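fold the following, please.
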Amino acid sequence: MACRITELVLDARDPELLARFWCEVLGYVELERDETSIEIGPPDVGFGGPQPTIVLSQTDEPKAGKLPLHIDVNATDREQDDELERLLAAGARPADIGQTGTESWHVLADPEGNEFCLLRRRVPKV
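Predicted coordinates:
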């Protein structure tokens, strides 16, 4: 028997802002909300599908340092450079975590400073 990742929980000072950003990046939609969190996920699939949902949970604690876990994304329908332009237009910004400049990926930060990487390989849509 094994487990499967079904949801990722990300603390957020502004869940609305991050929900909009990650919905734009991933093509997700809002699935559910309550007074302290917003869950987003793939349209027409929801919880339990092949891709994990993301729960953006309200916190007043500021981000302190590098997160021990980060998200990697790959483009599904365009080359890496074109996807980088799209992500920057959506509100991502370049992040410096000590890269050498020879990496095949781009390190970015979402609007609250959470690092994530745009990898080179294009993957099929799920």
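
contact partners for the residue minimising distance to the centre of the chain?
Nearest to the mean C-alpha position of the chain, counting by Cα atoms, centre = their mean, stands Trp22 at 5.1 Å. By Cβ atoms under 8 Å, 6 or more residues apart in numbering, Trp22 lies in contact with Tyr28, Ile40, Ile54, Leu56, Asp110. C-beta here means a position set from N, CA and C on the backbone, and glycine is covered the same way.

what is the neighbour count of the first one?
Neighbouring residues of Tyr28 were enumerated by other Cβ atoms under 10 Å; the total is 19.

isn't it up against Glu39?
No - counting by Cβ atoms under 8 Å, Tyr28 stays clear of Glu39, with 9.6 Å between them.

tell me, what's touching these two both at once?
Thr53, Ile54.

in PDB, list the C-alpha atoms belonging to stretch 106-119.
The C-alpha trace of stretch 106-119 is given here as PDB (Å, rounded to 0.1, in the frame of the first residue of the first chain):
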ATOM      1  CA  HIS A 106      14.600  29.600 -13.300                       C
ATOM      2  CA  VAL A 107      14.100  30.300  -9.600                       C
ATOM      3  CA  LEU A 108      11.100  32.600  -9.100                       C
ATOM      4  CA  ALA A 109       9.100  33.900  -6.200                       C
ATOM      5  CA  ASP A 110       5.300  34.200  -6.000                       C
ATOM      6  CA  PRO A 111       3.800  37.500  -4.800                       C
ATOM      7  CA  GLU A 112       4.500  36.600  -1.100                       C
ATOM      8  CA  GLY A 113       8.100  35.600  -1.700                       C
ATOM      9  CA  ASN A 114       7.600  31.800  -1.800                       C
ATOM     10  CA  GLU A 115      10.300  30.400  -4.100                       C
ATOM     11  CA  PHE A 116       9.400  28.000  -6.900                       C
ATOM     12  CA  CYS A 117      11.300  26.800 -10.000                       C
ATOM     13  CA  LEU A 118      10.300  26.800 -13.600                       C
ATOM     14  CA  LEU A 119      12.000  23.700 -15.100                       C
END
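
touching that stretch from outside, list them.
10, 12-14, 17-18, 21-22, 63, 66-67, 70-75, 80, 83-84, 87-88, 91-97, 99, 104-105.

quick one, which of those residues are buried?
10, 12, 18, 21-22, 71, 73, 75, 80, 83-84, 87, 91-92, 95, 105 (16 or more other Cβ atoms under 10 Å).
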